[in-house]
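Engineer: Here is the input, now give the coordinates:
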Amino acid sequence: MKYQNILHPTNKVQCTICPRNCILNEGQKGFCKARKNVNGIITLTEYGYNTGLAIDPVEKKPLYHFYPASAVLSFGTTGCNMGCKFCQNWRTTKNDIDVFLLNKTSPEEIVAVAKKYNCKSVAFTYNDPIIFFEYAIDTAKLCRQNGIKTIAVTSGFINKEPAREFFECMDAANIDLKAFSENFYSKNCLAKLQPVLDTIKYACNETNCHIELTTMLIEGENDNDDDIKAECRWIIENIGDCIPLHFSAFFPNYKFINRKSTDYSTLLKAYQIALQTGLKYVYTGNITTEQTSSTYCKNCGQPVIIRNGYKIIKYNLNKDRCVFCNTKCDGEF
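Structural biologist: Coordinates of the predicted model:
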């Protein structure tokens, strides 16, 4: 088993997939509830098990610059290496679920289903594929062999060495940049910001993986104008101004059940700050309008993909070129 340290003479094993670096006694599970010390080996107890398969539009991941309007076969498992108090999927990520209650689907079966329903891609989503690393990697490799694209929806909380193997197998990823504040990550995610920033820089600058970012805004927690400006400046300075950035709305859930939902005005303000800072492709999600869901040419400003939510209303690209000025739109089309 890769990415573990055997700690002699204690019979403990350290999982080194993510920055938690959990040290586990025999039979003990890590923070993620998916990786376990079995006879001195870190074992993915959920390999081959998932919470079900679904066909989604790629825009739902959200990915707006990766084969728009294509179908994606999506699946996830249970558990998570993040401790987000606002988790939207907490029923499967925060509970220790018996895997034998889940669907069992091999990588070969996943590829067969994707082919049957003409899915352009397979997405590892609903919970973080970092924790079901081996299952995701094996499936991704088989997808590649069969001409199917691979997508990771992840928080990016992964150590450097496994990140190399992980992103090498992914054609696209949406990485959650949950806030631009170490305090927010510590208080609300029980995690750290810096490893996520390191992952984003690596994936954007040193791999061929198409990357988009999402920040879910929670009013009073991570919607401060200065933090949003700092996030946008960091993005431009470290990975460029053409990375798509999605600001999505929060809805009360899990330990934030008594918080208010995000107003569209909050998303719109962040959207405007990002554009003013210099980002070329900015979107809002979970609450959408045609204006802030559409893609605009970075040169002439004309709408090259007009959307309302996940639905494409008009497509003004010739392959990847703006029909108005022939400027390339960044992404895979």
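
Engineer: would you list every one of the helices in the stretch 101-250 of the chain?
Structural biologist: 107-116, 133-145, 160-168, 182-184, 194-206, 225-239 (DSSP state H, counting those that start in this stretch).

Engineer: For the fifth one, which helices and strands make contact with it?
Structural biologist: On a contact count with 3 or more CB pairs under 8 Å, 6 or more residues apart in numbering; DSSP states H and E, helix 194-206 meets helix 160-168, strand 172-176, strand 210-217, helix 225-239. Every C-beta, even on glycine, is put in place using the N, C-alpha and C of the backbone.

Engineer: where does the third one sit relative to the chain's centre, distance-wise?
Structural biologist: I take that to be strand 210-217. 7 Å (CA atoms, centre = their mean, to the nearest Å).

Engineer: Tell me the strands beside that strand, with direction?
Structural biologist: strand 172-176 (parallel), strand 245-249 (parallel) (DSSP bridges).

Engineer: That strand relative to helix 194-206, how many degrees between them?
Structural biologist: Per axes from the mean of the first three to the mean of the last three CA atoms, to 10 degrees, the angle that strand 210-217 makes with helix 194-206 is 150 degrees.

Engineer: what's the model's confidence in strand 210-217, averaged?
Structural biologist: Averaging pLDDT along strand 210-217 gives 98.

Engineer: between that strand and helix 225-239, how many degrees?
Structural biologist: 170 degrees.

Engineer: One more: the first one?
Structural biologist: Taking the same axes, to 10 degrees, helix 160-168 and helix 225-239 form an angle of 80 degrees between their directions.

Engineer: tell me which strands and helices helix 160-168 is in contact with?
Structural biologist: The contact analysis (3+ CB pairs under 8 Å, 6+ apart) places helix 160-168 against helix 133-145, helix 194-206.

Engineer: which one of the ones you listed lies closest to residue 278?
Structural biologist: Using CB to CB as the measure, helix 194-206 is the one of the helices and strands packed on helix 160-168 that comes nearest residue 278, at 16.1 Å.

Engineer: So for the closest one, what gets flagged as buried?
Structural biologist: 195-200, 202-204 (16 or more other CB atoms under 10 Å).

Engineer: Relative to residue 109, how far out is residue 103?
Structural biologist: 10 Å (CB to CB, to the nearest Å).

Engineer: before we move on, what about residue 115?
Structural biologist: 11 Å.

Engineer: shaky segments in the protein?
Structural biologist: Applying pLDDT under 70 to the chain flags the ranges 1, 8.

Engineer: Run through the bridge partners of the closest residue in space to residue 210 that isn't next to it in sequence.
Structural biologist: Sequence neighbours aside, residue 172 is the residue nearest to residue 210 in space, at 4.1 Å (criterion: CB to CB, 6 or more residues apart in numbering). For residue 172, the beta-bridge partners under DSSP bridges are residue 151, residue 210.

Engineer: Quick check: residue 172 vs residue 315, distance?
Structural biologist: Counting by CB to CB, the gap from residue 172 to residue 315 is 19 Å.

Engineer: and those two? which has more neighbours close in?
Structural biologist: Neighbours per residue (other CB atoms under 10 Å) separate residue 172 from residue 315, with residue 172 holding more: 24 against 16.

Engineer: show me the contacts for the more buried one.
Structural biologist: 63, 66, 121, 149-152, 209-212, 332 (CB atoms under 8 Å, 6 or more residues apart in numbering).

Engineer: Just the buried ones from these?
Structural biologist: 63, 66, 121, 149-152, 209-212.

Engineer: Make CSV out of those residues and add distance to residue 96.
Structural biologist: Below are the buried ones among the contacts of residue 172 laid out as CSV (distance: CB to CB, whole Å):
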residue, distance to residue 96
63, 31
66, 34
121, 30
149, 32
150, 28
151, 27
152, 24
209, 31
210, 34
211, 32
212, 31
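
Engineer: Closest one to residue 35 out of those residues, please.
Structural biologist: Looking across these and measuring by CB to CB, the closest to residue 35 is residue 152, at 17.3 Å.

Engineer: Once you drop chain neighbours, what's closest to the closest one?
Structural biologist: residue 173 (4.2 Å).

Engineer: so the one you found makes contact with residue 211?
Structural biologist: Yes: checked against CB atoms under 8 Å, the pair residue 173 and residue 211 is within contact range at 5.6 Å.

Engineer: overlap in contacts of these two?
Structural biologist: With CB under 8 Å, 6+ apart, residue 173 and residue 211 have common neighbours residue 203.

Engineer: what's the neighbour count on the closest residue in space to residue 319 that isn't next to it in sequence?
Structural biologist: In this structure, residue 319 finds its nearest non-sequential neighbour in residue 333, 6.2 Å apart by CB to CB, 6+ apart. For residue 333, the neighbour count with other CB under 10 Å is 17.

Engineer: For residue 333, list the residues it contacts.
Structural biologist: 65, 67-68, 317, 319-320.

Engineer: ok, now with 10 Å
Structural biologist: 65-68, 304-305, 315, 317-321 (CB atoms under 10 Å, 6 or more residues apart in numbering).

Engineer: List the buried residues for stretch 42-57?
Structural biologist: 42-51, 53, 56-57.

Engineer: now swap in stretch 13-27 and tell me
Structural biologist: For stretch 13-27, using 16+ other CB under 10 Å, the buried residues are 13-20, 22, 24.
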